[in-house]
Structures are given as structure tokens and as C-alpha cells.
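[1] Fold the following and give me the result.
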Amino acid sequence: MAALSLVLLSLLQALLLAGATVLMTVAAWGYAGTPWGRVLEPLPVAIAFFAVTTGLTAIRFDTYVSLPWVPVLWAVPVVCAALAAYRFVHATMRGEVL
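    This next block holds a predicted model:
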């Protein structure tokens, strides 16, 4: 029973992340061409990869962890988040945002 509830919670989390991906994409498009747009550009990619990894974990965790390309699935969103943070810091330092 506990394993089933963990799978259902992971699937719910993946579904919510998929919805957040859509909302973040709309936000990035809305701010396109502005300093905020440059900050927001990589975030939909990061959230989408988090949704994929969460969904794969929910479906088959034991198989998922043993796959050799799993570090790539986690490296992409980390690099995207770091890029967004870098762009935010530099835009703030130049006085373009806030």
C-alpha cells in the first residue's frame, strides 16, 4: 500500500510539474525581448526535465536508476537553473531588473 501511494504521489508531482512547464513557457514568451525574458528562457526546459525524471522514477525506479543516461537527465535542469541564476545576477547588477 505504501509503495502504491508513493507511486501515485510521484505521478501527481510529475503532472504538476508538467503544468508548471506550460505556465513557465507562457511567462517566458510574455517577457520575450526583455531582461526578464532572458532570465526566464532556460526555466521551462529545467522544469520539463524535472517532470520527465519524476515521471520515470514513479514508473520504474529500479530500472531508471541503473540507466547510464540518468546523470544527463539531471545535469540539463541543473545547468538551466544555473544559467537563469547567472543571467538574473548580471541583469540585476546592470540595473535592468528590479
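[2] so where do the helices sit in the chain?
    Along the chain, the segments classed as helices by DSSP state H run 2-30, 35-40, 43-59, 61-66, 70-93.
[3] Including mean pLDDT, could those go into TSV?
    Converted to TSV, the helices of the chain look like this (pLDDT from 0 to 100):
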stretch	mean pLDDT
helix 2-30	87
helix 35-40	91
helix 43-59	86
helix 61-66	63
helix 70-93	91
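[4] Export those helices as TSV, with columns for mean neighbour count.
    Where C-beta positions appear, they are placed from N, C-alpha and C, glycine not excepted. Formatted as TSV, those follow (neighbours: other C-beta atoms under 10 Å):
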stretch	mean neighbour count
helix 2-30	14
helix 35-40	19
helix 43-59	19
helix 61-66	10
helix 70-93	14
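[5] What separation is there between the residue nearest to residue 45 when sequence neighbours are not counted and residue 60?
    Computed as C-beta to C-beta, 6 or more residues apart in numbering, the closest residue to residue 45 that is not its neighbour in sequence is residue 80, at 4.9 Å. Residue 80 sits 25 Å away from residue 60, going by C-beta to C-beta, to the nearest Å.
[6] cool, and residue 94?
    46 Å.
[7] Next up, the contacts around residue 59.
    residue 7 (C-beta atoms under 8 Å, 6 or more residues apart in numbering).
[8] again, 10 Å this time
    7, 10-11, 14 (C-beta atoms under 10 Å, 6 or more residues apart in numbering).
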